[in-house]
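J.: from the sequence below, what's the structure:
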Amino acid sequence: MLMAHPAILRDLVEQYETLRILHAEDGRPQVRQRMDDVAYTLCVSTGTRDVDAALIAARYRLPGARPEDDSLLDA
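T.: Next up, the predicted model:
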């Protein structure tokens, strides 16, 4: 399976986290739609079907992640 470059994954994770904060603060439909779009892209980019799993998988592939530490995957 093709995987997105770590720089792309980092950007998607940052976008999603920012949008989640914005949505929590004001709940505008445009923010929710963009959040859904980024979540979908994260899922496709990581080969997952759930945004939480996608975030874990993306973070696992980022530089500095400890490959031998899969404790996040057990959550």
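J.: list the contacts for the residue nearest the centre of the chain?
T.: Closest to where the C-alpha atoms of the chain average out (CA atoms, centre = their mean) is residue 55, at 3.5 Å. Shown in contact with residue 55 (CB atoms under 8 Å, 6 or more residues apart in numbering): 13, 16, 42. Backbone N, C-alpha and C define where each C-beta goes, glycine included.
J.: now do residue 24
T.: By CB under 8 Å, 6+ apart, residue 24 has no neighbours at all.
J.: and what of residue 16?
T.: By CB under 8 Å, 6+ apart, residue 16 lies in contact with 35, 38-39, 42, 51, 55.
J.: how close does it sit to residue 29?
T.: Distance, residue 16 to residue 29, using CB to CB, to the nearest Å: 17 Å.
J.: and if you look at residue 7?
T.: Counting by CB to CB - residue 7 and residue 29 are separated by 30 Å.
J.: ok, residue 14 next?
T.: Here the criterion is CB to CB. By it, residue 14 lies 22 Å from residue 29.
J.: what of residue 55?
T.: Distance from residue 55 to residue 29, counting by CB to CB: 22 Å.
J.: repeat that for residue 51.
T.: Distance from residue 51 to residue 29, by CB to CB: 18 Å.
J.: who's more crowded, the two?
T.: residue 51 (18 against 8; other CB atoms under 10 Å).
J.: ok, the more buried one - contacts?
T.: With CB under 8 Å, 6+ apart, residue 51 has these contacts: 16, 39, 42-43.
J.: scan those residues and report the most crowded one.
T.: residue 42 (24 neighbours).
J.: just the residues contacting the one helix or strand that one maps to, thanks.
T.: Per DSSP states H and E, residue 42 falls inside helix 29-46. Outside helix 29-46, the residues within contact range by CB under 8 Å, 6+ apart are 3-4, 8-9, 12-13, 15-16, 19-20, 22-23, 48-51, 53-55, 57-58, 61.
J.: nice, that's everything, thank you.
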